[in-house]
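Undergrad: quick one, what's the 3D model for this:
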Amino acid sequence: MKLQFAVGSGASRFRPRWLALAVLAAYQGGVVGAEPTIRLQTVEVIGTTPLPGIGLPIEKVPANVQTVKGKELEEQHSLTIADYMAQNMTGVNVNETQNNPFQPNVNFRGFTASPLLGTPQGLSVYQDGVRINEPFGDVVSWDLIPMNALANMSLMPGSNPLFGLNTLGGAISLQTKRGYTHRGGAVELSGGSWGRYNAQAEYGGVAANGVDYFISGNYFDEDGWRDASPSEVRQVFGQLGWRNASTDLSLSMSLADNDLIGNGLVQKEFLSAQSWEAINTKPDQTENKLAFFNVNASHWLNDATMLSGNAYYRKGRTRTLNGDVNDDVDDADFNADCTSFADPEDAESGCGGALNRSKSKRVGYGATAQLNFNQDWLGHQNLFIAGLGYDRSRTDFEQSTEFGDITATRGVAGAGIFGEEGEVALRGVNRTLSVFATDTFSFNDIYHLTLSGRYNHTRVENRDQLIPDASNPESLTGDHSFNRFNPAIGLAITPSKTLSFYASYNEGSRAPTAIELGCANPNQPCKLPNAMAGDPPLDMVVSKTFEGGVRGKITNGIGYSASLYRTQNTDDIQFIAANSSGAGYFDNVGKTRRLGVDLGVNGEVGTFRWSAGYSYIKATYQSRFDLVSEVNSSREVIGVDDDGEDIEVIHVQPGNKIPGIPQHQFKLRGEWQALPQWTIGTSIVAFSDQYSHGNENNDHDGAGSKVAGYAVVNLDARYRFANTGWQVFAKVNNVFDKKYHTGGMLGETFFEADGTFMNGDDDFSALVAPGAPRAAWVGVRYEFGKSAGR
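TA: Numbers count the residues shown, from 1 in each chain. Okay, the predicted model is just below:
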């Protein structure tokens, strides 16, 4: 007989053992073709935990899960997962704070995954069951994710406790390709605007001894669309695997060596007085290196019980070099020749520029194991999963500041004079032990109840390498422990195969990281990532989410989804500015709330495919607190500091909207197969206005209070030459060359509108993150040896 089936999406295995035996026999050629074909119904299965295991049909999952297959990622030729999500996924928007395509802030339902230290992180990201948020600040380095090695992804909404720490607003689960399912190879070359060149290659297969293999590589180089903004990305991914009817083993390797320039926010005056490509100061460089090894294994103990687990080792290095204006410069002490100062204290107040350097070395390892029981209980279908995990990481962080002169092109020329005040050498060790379980019980074919929970014990140990004595108030040395059990409950109602309702409540948490605990003293503000100060304790962030919704199909060609959610954070951690220069500290600011609606619809009519999504997000503060501000027009003087300077603050009230989050967003995607080999696509994204950072009280009445809304149209096309494996493609972003901003901040500037340095003086400026102008790229792709195994 022949056996054809389609089950699975995400890190899950839905087939019982008898089906696995049949599939293996068919693969090995043990099933003859004389018998009739068995066609199994397509079932979309969702992994309910990050680990590979037994998943649930999506209609039984009490959440509005969004899934993407690798083919969709490939067809749109997105540079990163963040790029694809911004164009296609409901509830997602991007702030291009660094204006580098590999360094965006990705927001989902008002929660952020960002590569920038100091950004409140609220999304967890997993690759093959391993959380890849960096231990130092929970940041996400999008440039370390091998895009052309991804088989599929899932976006899980809410505070799902099964996805561990930092899952406050959602989790992104990524699964990579294996030779068993992705046989054959491909080579792709593309180039175009901004001097961009991209080369990708991949190949997978299965050896005669049953070992499957997959390898991919990616090289990216561009000059960047802004001034002095080149970047280079080098990625290699490989995976070896072996499987039989009951056992599946794999070993993967991810390597990266990247050099990114992202010159950040720019004062709005430059964009009109000079050019849209203008920057403030340079350089703003990040070097990322990664070596990541991961072993995944699963074994069917019997027809209904699976044991699965993983173990990983992850080593990363990051170096940053930021050329900035020295915000401690005094116009009375300023000297255009910084080398004239012999004393660092004189240079601190007299030099116009500063080169802020940092480096971090991170080593992490851990393991997770779970038992999956897919067997009836009390005569009803039941899936029970229980497991435990352990993660340990060590971060060595150093920073220094070298004073220098501002050049005519707003670069910084170092003078070889180093300040002592901002020097830091810190070792942070994080340990987390977790125990988790989930059970989905089906009362009948209609009602399915899910109960879940996870207990996390986290310990953070900071050791100051310069001031090791913990009794010294300026020392960073300190030990902190955090413990919490997070529960979840959900009900899915499936009256038919084309309709399901769901409702859920879940809780998640995030423990403060080493950098947050090392920069939590309001009396000793620090700049990120350039300095730290003594560390008063911070509380764990706790999120609680209610969600309800419906999904289904109107006809075979049209599907829809609608969800309503409410997430409230308690003891939310924010980076609070102590002055307009960027110095500040982390603190628990009380409660924040995200209330929203997600609507989605998709369909296929003949040769036309389309999808649309709308999101409403009301993200607000729910507690009163004060923020120091020297630039918000509504600021008030509440006292005088030790230097006799006025202390000016703004008052944040419950109901004030959180900056950086547009309240409305709309996305439309359409693809038309004009000819059997020719497909034309378009994406339209539109966002409403958003408040600028620095205007947390929503009361600034001057320039820069808000960032205006915008809409952008993108086009893409691909043509496949029949029976050759060749394909050509083209892509145009921002077709109408729209001038827009993805984010903003109230700040100060040390430059005139024409770029002239003010010699130590400063003035108010609205800083913005300009959107990329129109750009086009073309490419060619050759596929060979592809088989139905994919």
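Undergrad: bridge partners for the residue nearest in space to the middle of the chain, pull those for me.
TA: Geometric centre of the chain, nearest residue: Ala113, 3.7 Å, by C-alpha atoms, centre = their mean. Using DSSP bridges, the bridge partners assigned to Ala113 are Val106.
Undergrad: wait, it touches Val140, no?
TA: Yes - taking contacts as C-beta atoms under 8 Å, Ala113 lies within contact range of Val140: 4.4 Å. C-beta coordinates here come from the backbone N, C-alpha and C atoms, glycine included.
Undergrad: strands of the stretch 501-650 of the chain, residue ranges please.
TA: 541-555, 558-570, 573-577, 584-588, 592-605, 608-621, 625-628, 636-640, 646-652 (DSSP state E, counting those that start in this stretch).
Undergrad: could I get those in CSV, plus columns for mean neighbour count, mean pLDDT and distance to Val94?
TA: CSV is the format used below for the strands of the stretch 501-650 of the chain (neighbours: other C-beta atoms under 10 Å; pLDDT from 0 to 100; distance: least, C-beta to C-beta, whole Å):
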stretch, mean neighbour count, mean pLDDT, distance to Val94
strand 541-555, 19, 94, 22
strand 558-570, 19, 96, 20
strand 573-577, 21, 69, 20
strand 584-588, 23, 74, 24
strand 592-605, 18, 96, 17
strand 608-621, 19, 96, 13
strand 625-628, 19, 86, 25
strand 636-640, 11, 88, 34
strand 646-652, 18, 90, 25
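Undergrad: and of those strands, who's closest to Gln267?
TA: Minimum separation from Gln267 across these (C-beta to C-beta) falls at strand 573-577, 17.1 Å.
Undergrad: mind checking the pLDDT average for the helix or strand hosting Thr318?
TA: For Thr318, the host element (DSSP states H and E) is strand 305-325. Taken as a whole, strand 305-325 carries a mean pLDDT of 96.
Undergrad: chain center to the next helix or strand after it: distance?
TA: For strand 305-325, the succeeding helix or strand toward the C-terminus, using DSSP H and E, is helix 344-350. Centre-to-centre, helix 344-350 and its host chain are 39 Å apart (C-alpha atoms, centre = their mean, to the nearest Å).
Undergrad: flag every buried residue along helix 344-350.
TA: Residues Asp346, Ala347, Glu348, Ser349, Gly350 are the ones in helix 344-350 that count as buried (16 or more other C-beta atoms under 10 Å).
Undergrad: what residues does that helix touch?
TA: Residues from elsewhere that reach helix 344-350, judged by C-beta atoms under 8 Å, 6 or more residues apart in numbering: 326, 328-330, 333-335, 338, 341, 403, 415, 417-421.
Undergrad: and the residues you listed, which are buried?
TA: Asn326, Asp328, Val329, Phe334, Asn335, Cys338, Phe341, Phe403, Ala415, Ile417, Phe418, Gly419.
Undergrad: just give me the least confident of those residues.
TA: Lowest pLDDT among the buried ones among the contacts of helix 344-350: Asp328, with 82.
Undergrad: quickly list what Asn372 is bridged to.
TA: Residues in beta-bridge contact with Asn372 (DSSP bridges): Met306, Ile385.
Undergrad: does it really touch Gly53, like I thought?
TA: Yes - between Asn372 and Gly53 there is a contact under C-beta under 8 Å: 4.6 Å.
Undergrad: quick revisit: give me the common contacts of Ala113 and Val140.
TA: Val106, Gln121, Leu123, Val125, Asn133.
Undergrad: count of residues packed around the third one?
TA: The one in question is Leu123. Using other C-beta atoms under 10 Å, Leu123 has 25 neighbouring residues.
Undergrad: would you confirm that it contacts Asn166?
TA: Yes - contact status for Leu123 versus Asn166: in contact at 7.0 Å, counting by C-beta under 8 Å.
Undergrad: can you check what angle separates the host helix or strand of Asp479 from strand 541-555?
TA: Here Asp479, judged by DSSP H and E, is contained in strand 478-496. Between the axes of strand 478-496 and strand 541-555, defined by axes from the mean of the first three to the mean of the last three C-alpha atoms, to 10 degrees, the angle is 20 degrees.
Undergrad: if we can go back for a sec, now the strands of the stretch 501-650 of the chain as JSON lines including distance to Ser275?
TA: Below are the strands of the stretch 501-650 of the chain laid out as JSON lines (distance: least, C-beta to C-beta, whole Å):
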{"stretch": "strand 541-555", "distance to Ser275": "41"}
{"stretch": "strand 558-570", "distance to Ser275": "40"}
{"stretch": "strand 573-577", "distance to Ser275": "29"}
{"stretch": "strand 584-588", "distance to Ser275": "31"}
{"stretch": "strand 592-605", "distance to Ser275": "37"}
{"stretch": "strand 608-621", "distance to Ser275": "33"}
{"stretch": "strand 625-628", "distance to Ser275": "33"}
{"stretch": "strand 636-640", "distance to Ser275": "38"}
{"stretch": "strand 646-652", "distance to Ser275": "33"}
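Undergrad: out of those, which gets nearest to Thr320?
TA: The nearest among the strands of the stretch 501-650 of the chain, by C-beta to C-beta, is strand 573-577 at 16.6 Å.
Undergrad: mind pulling up the pLDDT for Thr119?
TA: 82.
Undergrad: that's a strand at it, yeah?
TA: No - Thr119 is assigned coil when assessed by DSSP: H, G, I helix; E, B strand; the rest coil, not a strand.
Undergrad: that one: what's its closest spatial neighbour, skipping adjacent residues?
TA: Thr112 (5.7 Å; C-beta to C-beta, 6 or more residues apart in numbering).
Undergrad: can you tell me how far the one you found sits from Asn166?
TA: Using C-beta to C-beta, to the nearest Å, Thr112 is found at 11 Å from Asn166.
Undergrad: pull up the overlap in contacts between the two.
TA: Listed as contacting both Thr112 and Asn166 by C-beta under 8 Å, 6+ apart are Gln121, Gly122, Leu123.
Undergrad: next, Phe270: secondary structure please.
TA: helix.
Undergrad: that one - how many residues pack around it?
TA: Phe270: 26 neighbours (other C-beta under 10 Å).
Undergrad: test my guess that it contacts Glu752.
TA: No - counting by C-beta under 8 Å, Phe270 does not reach Glu752; the two are 10.0 Å apart.
Undergrad: before we move on, back to that, ok, Thr112 and Asn166, which is more surrounded?
TA: Asn166 (25 against 20).
Undergrad: shaky segments in this structure?
TA: 1-43, 273, 518, 520-537, 575-584, 787-790 (pLDDT under 70).
Undergrad: again, only this time at 50
TA: By pLDDT under 50, the weakly predicted segments of the chain are 1-11, 13-35, 528-536, 580-581, 788-790.
Undergrad: including distance to Ala228, could the shared contacts of Ala113 and Val140 go into a markdown table?
TA: Shown next, in a markdown table, are the shared contacts of Ala113 and Val140 (distance: C-beta to C-beta, whole Å):
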| residue | distance to Ala228 |
| --- | --- |
| Val106 | 25 |
| Gln121 | 29 |
| Leu123 | 31 |
| Val125 | 30 |
| Asn133 | 30 |
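Undergrad: now, among these, which is nearest to Leu240?
TA: Taking the shared contacts of Ala113 and Val140 together and measuring to Leu240 by C-beta to C-beta, the closest member is Val125, at 23.8 Å.
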